[in-house]
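Student: structure for the following, please:
(one chain, ligands or ions: 1)
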Amino acid sequence: MSTPSNSGFSVDINALRESLFDSKAGRVLLKQIEKLAVGLTAPVTLMEVCGTHTHAIAAAGLRRLMPEKVRLVSGPGCPVCVTPIGWVDHAVALAALPDVIVTTFGDLMRVPSSTGTLEEARAGGSDIRICYSTRDALQIARDNPERRVIFLAVGFETTAPTIAGALAEAEKEGLPNFMILPGNKTMPGPLRVLVDDETVDLNGLLCPGHVSVIIGSDAYQQIAAAGVPCAVVGFAPNDVLTGVIDLLEQILGEKSVVTNLYKRVVKPGGNPAALQLLDHFFETTDADWRGLGPIADSGLKLRPAYAHRDASLIDVDLPIPQEPKGCRCGEVLRGTINPPDCPLFGKGCDPQHAVGACMVSSEGTCAAWYRHERLVTT
Ligand code: SF4
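Tutor: You can find the predicted model right below:
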């Protein structure tokens, strides 16, 4: 059986099933999903909200293996993708200051700003250095006492504690030149927005595994109470399939609760030590999300006691934010379109020549579809 895909290629579903699910357990889970789907009276949309899930699902071809009535879509789970263009403008402007070294994880380098990427800014003379951990950024600050070293703080609750850890180390050491540009975002605020948005089809959530380690499975209780079943799952294909089964069972049983299927690492209350560290340095603030707009209490800003480490307070001229022309990242991040529905997908926008952030980041939905879901018929 050959099925046309949205990307213009076609897929031999049976061959895919054979190649991807040579494990007995995987086949059993798939059969169970098919059986449950028969009982559905209408198609359902289940959203995963973690960039790592997006890639795990794409790499295993799970989306295409779902029965017709079960649609898997990606949500706002890639931190670089949801970072608004104005924030990237700010990073580029700071990097242009002669006494500044900007330090960043590599996936931000090629994200477009209104005036170009950080990679282009570096080629133009800005001192921008890629780090593999916040400790690298601290070391650069120690090695360059006459310069301000600014770490670009992007990421959800998974990354934020490591940034708080670096701040703690800088404070302890009395390292005056280490700063951050605050841009961390928090869950589950955007999920609540999606649940309330009538233009978004959403019947169940595969909750982010890594973030849940920090915030705990109880963080989704409000969403479940609003009528959207939630399942916290791990990252192996069979973990995801088990989550799909749980959500379908909840939908069919007209239940809406939070099921924690990742109990080996996720506790109901999360990680208290990490939460305490975050709370020491940061307070919640309203934050702007690409595709979702401003969301109350969904970002982290430095507490006033740490204003001396806040690079957002440095005075720089900023351009009026300009989104890349034709890019539909906003809709991709809300799960209202799939990447191939963007006219630029694979036609002007690919991982080597990314137009939007969703194609740049290794966790981006467009990048995942481009790498894993453009399959050729066998
Ligand atoms: S394919 Fe490229 S241009 Fe289209 S939404 Fe994705 S990142 Fe944006």
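Student: neighbours of residue 273, how many?
Tutor: 10 (other Cβ atoms under 10 Å). From N, CA and C alone the C-beta is placed, and that goes for glycine too.
Student: and it, what pLDDT?
Tutor: Here the pLDDT value assigned to residue 273 is 97.
Student: distance of the residue positioned nearest the centre of the chain from the ligand?
Tutor: What sits nearest the mean C-alpha location of the chain, by Cα atoms, centre = their mean, is residue 78, with 1.7 Å. Residue 78 is 11 Å from the ligand, where distance means Cβ to the nearest ligand atom, to the nearest Å.
Student: wait, that residue sits on residue 360?
Tutor: No. Applying Cβ atoms under 8 Å as the test, residue 78 and residue 360 come out as separate, 9.5 Å apart.
Student: the residue of the stretch 101-250 of the chain found nearest the ligand: what's it in contact with?
Tutor: Going by Cβ to the nearest ligand atom, the ligand is nearest to residue 112 of the stretch 101-250 of the chain, at 9.3 Å. Residues in contact with residue 112 (Cβ atoms under 8 Å, 6 or more residues apart in numbering) are 85, 88, 324, 354-357, 360.
Student: can you pull the pLDDT of the closest residue to residue 130 other than its chain neighbours?
Tutor: The shortest distance from residue 130 to any non-neighbouring residue, by Cβ to Cβ, 6 or more residues apart in numbering, is to residue 106 (4.7 Å). Per-residue confidence (pLDDT) for residue 106: 91.
Student: now for residue 106, how many residues are close by?
Tutor: Using other Cβ under 10 Å, the number of residues around residue 106 comes to 13.
Student: could you do the one 4 residues further on as well?
Tutor: Neighbour count of residue 110, defined by other Cβ under 10 Å: 19.
Student: any idea which helix or strand carries the residue in the stretch 1-150 of the chain that the ligand sits nearest to?
Tutor: Across the stretch 1-150 of the chain, no residue is closer to the ligand than residue 81, which sits at 8.3 Å (Cβ to the nearest ligand atom). Using DSSP states H and E, residue 81 sits in helix 79-82.
Student: dump the C-alpha coordinates for that helix into CSV.
Tutor: Only the C-alpha atoms of helix 79-82 are listed here, as CSV (Å, rounded to 0.1, in the frame of the first residue of the first chain):
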residue,chain,number,x,y,z
PRO,A,79,12.8,26.7,22.9
VAL,A,80,14.8,28.4,20.1
CYS,A,81,11.7,28.3,17.8
VAL,A,82,9.4,30.0,20.3
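Student: which helix or strand lies directly C-terminal to that helix?
Tutor: Next in sequence after helix 79-82, counting helices and strands by DSSP H and E, comes helix 85-95.
Student: so is that following helix next to the ligand?
Tutor: No. In terms of Cβ under 6 Å from any ligand atom, no part of helix 85-95 sits within range of the ligand; the closest distance is 11.9 Å.
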